[in-house]
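K.L.:
Coordinates only, no sequence provided:
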């Protein structure tokens, strides 16, 4: 039986949408972060999602994410441009994402291989390992904290008629990923394992177009990459938590969180429906908990007089995630999207 109404007013003042084999640490206030990579990084999209998340979660933190991606680049190619593409940025932390070009994709058109092709594959992997070693050392010498990322998968699993390099991810980029893991362990650098999680997602969702050309992730792929970076950096999943007391009639209270939730986007909802692990929804918990309500009775949740959902008393006691509701705060977060889209 629907008996009572829960009233809340939503305020979030002072928000500034500024540009700006061990676990990595969360982003630090004022940190300068460079993303070094090939065309997947050059697109800037996963970096864009991360900057948006940071601006909303920690307004005014001054964290600045900078792009040093270059179309067609390799770990070896990056060595030649560190002095002018990375060093002038004076980064505190550098995320490195290479492999898609280093692996020499054309060598993986078939599962089986002849001796000559096998030797070429091995040579490409050996070069990748040497260059990644040197790149990690050079970046460390620049006094930057290094985060190695396993390559995002070539989507050989996608059900589409276009030409397919049927062994490019397995075994090709998987071998690159193992090199990255071993390098991170040997050099005690931080690691973000994109390949393992995204390969699992691509295999399970063969009918979804994560990579229109099998190489470059679309919006959903980049958002999944951003979620994996947040997971690896031990980012808090909570926008905030609030607990208030009520009674059988409900309650009213002022609500003024210090952060905003991640905004509603088509790719956000799609990733969650596809079962991505993690998805950005795993880092978007804004819990409102109300005690003292009657279990079994239904209460309407209103922000500024507008109903955004209804929940039973026991659901309020457990906590309602208002980050997933059409609240004034989520709408406010959405106003940050258009200005930032102009940057990519």
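P.N.:
Sure thing, it's come through. Keep in mind that what you see is a predicted model, and the values were worked out from it rather than measured. Numbering: from 1, shown residues only.
K.L.:
which residues does residue 189 contact?
P.N.:
Residue 189 sits next to 22, 136, 140, 146-148, 183 when contact means C-beta atoms under 8 Å, 6 or more residues apart in numbering. C-beta: built from backbone N, CA, C; applies to glycine.
K.L.:
Sort out for me which of these are in helices.
P.N.:
136, 140, 183 (DSSP state H).
K.L.:
Could you find the closest non-adjacent residue to the residue nearest the centre of the chain?
P.N.:
Nearest to the mean C-alpha position of the chain, by C-alpha atoms, centre = their mean, lies residue 226 at 1.2 Å. Leaving aside its chain neighbours, residue 226 sits nearest to residue 49 (3.8 Å; criterion: C-beta to C-beta, 6 or more residues apart in numbering).
K.L.:
So that neighbour lies in a helix, does it not?
P.N.:
Yes - the assignment for residue 49 by DSSP: H, G, I helix; E, B strand; the rest coil puts it in a helix.
K.L.:
got the contact list for it?
P.N.:
222-223, 226, 280.
K.L.:
try 7 Å
P.N.:
222-223, 226 (C-beta atoms under 7 Å, 6 or more residues apart in numbering).
K.L.:
And the buried ones among the ones in helices among the contacts of residue 189, selectable in ChimeraX?
P.N.:
Buried subset of the ones in helices among the contacts of residue 189, written as a ChimeraX selection, criterion 16 or more other C-beta atoms under 10 Å:
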select :136,183
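K.L.:
okay if I get the ones in helices among the contacts of residue 189 as a markdown table plus distance to residue 315?
P.N.:
Output for the ones in helices among the contacts of residue 189, formatted as a markdown table (distance: C-beta to C-beta, whole Å):
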| residue | distance to residue 315 |
| --- | --- |
| 136 | 49 |
| 140 | 50 |
| 183 | 47 |
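K.L.:
Over to stretch 287-306 now: how far is its first residue from its last?
P.N.:
Taking C-alpha to C-alpha, to the nearest Å as the measure, stretch 287-306 stretches 19 Å from start to finish.
K.L.:
I meant stretch 244-260, not that one.
P.N.:
Terminal residues of stretch 244-260 are spaced 20 Å apart (C-alpha to C-alpha).
K.L.:
if we can go back for a sec, pick out whichever of the contacts of residue 189 sits closest to residue 77.
P.N.:
Lowest distance from residue 77 to those (C-beta to C-beta) belongs to residue 136, with 15.2 Å.
K.L.:
The closest one and residue 183 touch, don't they?
P.N.:
Yes - at 6.4 Å, residue 136 counts as touching residue 183 under the criterion of C-beta atoms under 7 Å.
K.L.:
Quickly list what's touching both of those two.
P.N.:
Listed as contacting both residue 136 and residue 183 by C-beta under 7 Å, 6+ apart are residue 148.
K.L.:
ok, residue 174 - contacts?
P.N.:
Going by C-beta under 7 Å, 6+ apart, the list of residues near residue 174 reads residue 195.
K.L.:
Could I get the buried residue list for the helix or strand it falls within?
P.N.:
Per DSSP states H and E, residue 174 falls inside helix 174-187. By 16+ other C-beta under 10 Å, the buried positions in helix 174-187 come out as 174-177, 179-181, 183-184.
K.L.:
which residue ranges form the strands in this protein?
P.N.:
2-10, 32-37, 64-69, 93-97, 145-149, 190-192, 238-245, 252-255, 285-291, 298-303, 306-312, 320-321 (DSSP state E).
K.L.:
any chance of those in a markdown table, plus mean neighbour count?
P.N.:
Formatted as a markdown table, these follow (neighbours: other C-beta atoms under 10 Å):
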| stretch | mean neighbour count |
| --- | --- |
| strand 2-10 | 17 |
| strand 32-37 | 25 |
| strand 64-69 | 21 |
| strand 93-97 | 25 |
| strand 145-149 | 24 |
| strand 190-192 | 21 |
| strand 238-245 | 16 |
| strand 252-255 | 14 |
| strand 285-291 | 19 |
| strand 298-303 | 20 |
| strand 306-312 | 16 |
| strand 320-321 | 18 |
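K.L.:
weakest of those strands in terms of mean pLDDT?
P.N.:
When the strands of the chain are ranked by mean pLDDT, strand 2-10 comes last with a mean of 42.
K.L.:
remind me which residues of the chain are low pLDDT?
P.N.:
Counting by pLDDT under 70, the chain contains low-confidence residues at 1-23, 340-344.
K.L.:
Show the contacting residues for residue 235.
P.N.:
Residue 235 neighbours (C-beta under 7 Å, 6+ apart): 26, 283.
K.L.:
Helices of the protein, start to end?
P.N.:
Going by DSSP H, the chain shows helices at 39-42, 45-57, 75-79, 115-141, 174-187, 194-204, 219-232, 266-273, 313-318, 328-334, 337-341.
K.L.:
Residue 242 is in contact with residue 288, correct?
P.N.:
Yes - Residue 288 lies in contact with residue 242 (C-beta under 7 Å); the separation is 5.3 Å.
K.L.:
ok, the nearest residue to residue 99 once chain neighbours are set aside - how many residues close by?
P.N.:
Excluding the flanking residues, the one nearest residue 99 by C-beta to C-beta, 6+ apart is residue 151, at 3.0 Å. The local packing of residue 151 (other C-beta atoms under 10 Å) involves 27 other residues.
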